[in-house]
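A.B. asks: Show me the folded form of this:
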Amino acid sequence: MSTLPSTGPSTGAAETGEDTGTSLLRDRDFLLFAGGQGASALGDSLSKTALPLLVLALTGSGLHMGIISMLSALPMLVLGIPAGAWADRFDRRRMMLWSDIGRALLVALVPLAAALDISVVPVLYAIAVPVGVLYAVFEAACLSCVPSLVGRDRLGEANSLLSIGNALGYMTGPALAGVLVAGVGGAVTLGVDAVTFAVSAVTLMLIRRPLQMAVERAPGTMTQEVREGMRFIVSHRLLRSTLLYWAAITFFTSPVIICATYFIREDLGWSPKVIGLIITTYAFGAILGAVVATRLKQMSGMVMLGGTVVGSVGLLVLSTTAWLPLTLCVALVVGMGEALSGILYTTLRAQLIPDELLGRVTTTAQVATFGLRPLSLFVAGIALETTSGSLTLAAMGIACLLISIAFALRTSIFSATASVTR
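C.D. replies: Below is the predicted model:
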């Protein structure tokens, strides 16, 4: 990777080359970026649905599900902050491109092992950490490049449209995963995820616009740059409160996919196709929430609270019902609430951070919010093994409700607002 050239101070939207008067739906580079991320979301949804089912089918163990998920998440804790400094120092496009290529090759090993009649479980353990490393590098660059791609005045609109694209992927993927897992098995299904990484890499190569603003940067060590990003977070009260809230919520919601899969398969005995239908319904709700977000000029921090509360209640209801129509209704409403909550969080975070610090601060935020995810996934695996999917989901819902109430009473985070459209 090569460092960025120093071409003078950033002048904001004009320097990125985008026409702020043109709809993002007519912006070629944004559509390429959104298309690549949508394809990646499709692959992720296939993987997140197929992988737990595959591990469960091969091992019959919730603990194995938790350990493999933990290994995949662990690199974000170790590399997240340094990767953010790399995203501010090096070419973000190249970081994403090579991460996509690497993940495509690694994930392709799973269907290859199955085709060669090699035990798949050791392969899953072997690729978990490398895939997690490449994910950490990709996320550091990807989360930092949107303001440069579209301009800060259109961040809310861009995040809403990206959420719609991601939700479309998650709406299609689980249903497709359910059919594929039942028809050709989980290992082959994961091969589709490898293809989507390749699609994302191609779209990145076709984008013409720079994915970061050129700025004058005083020479400094990586350690100094990381410390600078941390100091910015610590000194910014609103950003600090937002990150603490999101970190607390994320700790309890990170294992929701594996816990819901275990509950539906082991506690209720429903088929993989039903799991796909439930996740597809959730994704459709997320699309509705993102569409609502595009209609708003501003969103209050209360949206973040409301979305989390809706999701928490949804987990409680899900843990106590065996009636599919009610489960689908809950998934739809939860998808809407969580989409609005997530869009507010990502938009507010990006609007508060200057571009020259965006990589470092954003990935420090990611580590703050996802850093305990490996522990969360491991604890969830133990809980599934020793109790049940129902009790684990209920505990997660109660914890998120209590956290939301505590932050609503003790901080001013929910009085914050984020611009969505111009």
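
A.B. asks: residue ranges with poor pLDDT in the stretch 201-350 of the chain?
C.D. replies: Applying pLDDT under 70 to the stretch 201-350 of the chain flags the ranges 213-222, 225, 296-300.

A.B. asks: Mind jotting down where the helices sit in it?
C.D. replies: In the stretch 201-350 of the chain, helices defined by DSSP state H, counting those that start in this stretch lie at 222-235, 237-253, 256-262, 272-294, 302-318, 324-352, listed in chain order.

A.B. asks: got the CA coordinates for the fourth one in CSV?
C.D. replies: This points to helix 272-294. The C-alpha trace of helix 272-294 is given here as CSV (Å, rounded to 0.1, in the frame of the first residue of the first chain):
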residue,chain,number,x,y,z
PRO,A,272,-33.7,-24.2,7.9
LYS,A,273,-36.3,-22.9,5.4
VAL,A,274,-38.3,-21.4,8.3
ILE,A,275,-35.1,-19.8,9.7
GLY,A,276,-34.6,-18.2,6.3
LEU,A,277,-38.2,-16.9,6.2
ILE,A,278,-37.8,-15.3,9.6
ILE,A,279,-34.6,-13.5,8.8
THR,A,280,-36.0,-12.5,5.4
THR,A,281,-39.0,-10.9,7.2
TYR,A,282,-36.6,-9.1,9.6
ALA,A,283,-34.7,-7.8,6.6
PHE,A,284,-37.9,-6.5,4.9
GLY,A,285,-38.7,-4.6,8.1
ALA,A,286,-35.1,-3.1,8.0
ILE,A,287,-35.9,-1.9,4.4
LEU,A,288,-39.1,-0.2,5.6
GLY,A,289,-37.1,1.4,8.4
ALA,A,290,-34.4,2.7,6.0
VAL,A,291,-37.1,4.0,3.6
VAL,A,292,-38.6,5.9,6.5
ALA,A,293,-35.2,7.3,7.4
THR,A,294,-34.7,8.7,3.9
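
A.B. asks: check contacts around the nearest residue to G84 once chain neighbours are set aside.
C.D. replies: The shortest distance from G84 to any non-neighbouring residue, by Cβ to Cβ, 6 or more residues apart in numbering, is to T363 (2.9 Å). Where C-beta positions appear, they are placed from N, C-alpha and C, glycine not excepted. Listed by Cβ atoms under 8 Å, 6 or more residues apart in numbering, the contact partners of T363 are 80-81, 83-84, 87, 136, 139-140, 143-144.

A.B. asks: Just the buried ones from these?
C.D. replies: Among the contacts of T363, those scoring as buried are 80-81, 83-84, 87, 136, 139-140, 143-144 (criterion: 16 or more other Cβ atoms under 10 Å).

A.B. asks: Specify which member of those residues is nearest to L324.
C.D. replies: Nearest to L324 out of the buried ones among the contacts of T363 is E139 (Cβ to Cβ; 34.5 Å).

A.B. asks: Quick check: what element follows the one helix or strand that closest one maps to along the chain?
C.D. replies: Using DSSP states H and E, E139 sits in helix 120-150. Sequence-wise, the next helix or strand downstream of helix 120-150 (DSSP H and E) is helix 155-184.

A.B. asks: what packs against that following helix?
C.D. replies: For helix 155-184, the packing partners by 3 or more Cβ pairs under 8 Å, 6 or more residues apart in numbering; DSSP states H and E come out as helix 28-59, helix 120-150, helix 186-206, helix 272-294, helix 324-352, strand 417-419.

A.B. asks: okay, those in TSV with distance to S241 next?
C.D. replies: As requested, those are exported to TSV (distance: least, Cβ to Cβ, whole Å):
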stretch	distance to S241
helix 28-59	28
helix 120-150	20
helix 186-206	33
helix 272-294	22
helix 324-352	11
strand 417-419	14
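
A.B. asks: Would you tell me which of the ones you listed gets closest to L402?
C.D. replies: helix 324-352 (16.8 Å).

A.B. asks: Could you measure from L134 over to A104?
C.D. replies: Relative to A104, L134 is positioned 10 Å away (Cβ to Cβ, to the nearest Å).

A.B. asks: Neighbour count: these two, which is higher?
C.D. replies: L134 (24 against 21; other Cβ atoms under 10 Å).

A.B. asks: residues in contact with that one?
C.D. replies: Counting by Cβ under 8 Å, 6+ apart, L134 touches 99, 102-103, 106.

A.B. asks: among those, who's most crowded?
C.D. replies: Sorting these by how many neighbours each has (other Cβ under 10 Å) puts R103 first, at 28 neighbours.

A.B. asks: wait, that residue sits on F197?
C.D. replies: Yes: R103 lies in contact with F197 (Cβ atoms under 8 Å); the separation is 4.7 Å.

A.B. asks: hang on, the earlier thing: what helix or strand is the residue nearest to G84 on?
C.D. replies: Going by DSSP H and E, T363 is part of helix 355-370.

A.B. asks: Check which element follows that helix along the chain.
C.D. replies: Using DSSP H and E, the next helix or strand after helix 355-370 towards the C-terminus is helix 373-386.

A.B. asks: closest to I403 out of the helices and strands packed on helix 155-184?
C.D. replies: Using Cβ to Cβ, these put helix 324-352 closest to I403, at 13.0 Å.

A.B. asks: ok, and for the closest one, which residues are buried?
C.D. replies: Neighbour counts over helix 324-352 (16+ other Cβ under 10 Å) mark 327-352 as buried.

A.B. asks: for it, packing partners?
C.D. replies: Going by 3+ Cβ pairs under 8 Å, 6+ apart, helix 324-352 lies up against helix 120-150, helix 155-184, helix 237-253, helix 272-294, strand 298-300, helix 302-318, helix 355-370, strand 417-419.

A.B. asks: helices or strands up against the helix or strand hosting A406?
C.D. replies: Following DSSP H and E, one finds A406 within helix 389-410. Under the contact definition 3+ Cβ pairs under 8 Å, 6+ apart, helix 389-410 sits against helix 237-253, helix 256-262, helix 302-318, helix 373-386.

A.B. asks: out of the ones you listed, deepest packed?
C.D. replies: helix 256-262 (a mean of 24; mean count of other Cβ atoms under 10 Å).

A.B. asks: what's the spacing between stretch 89-96 and its chain's center?
C.D. replies: Stretch 89-96 sits 19 Å away from the centroid of its parent chain (Cα atoms, centre = their mean, to the nearest Å).

A.B. asks: export that stretch as CSV, just CAs?
C.D. replies: Extracted in CSV, the C-alpha atoms of stretch 89-96 (Å, rounded to 0.1, in the frame of the first residue of the first chain):
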residue,chain,number,x,y,z
ARG,A,89,-2.6,6.7,6.2
PHE,A,90,-2.9,4.3,3.3
ASP,A,91,-5.2,3.8,0.2
ARG,A,92,-8.6,2.7,1.5
ARG,A,93,-9.6,1.3,-1.8
ARG,A,94,-6.6,-1.1,-1.9
MET,A,95,-7.3,-2.1,1.7
MET,A,96,-10.8,-3.1,0.8
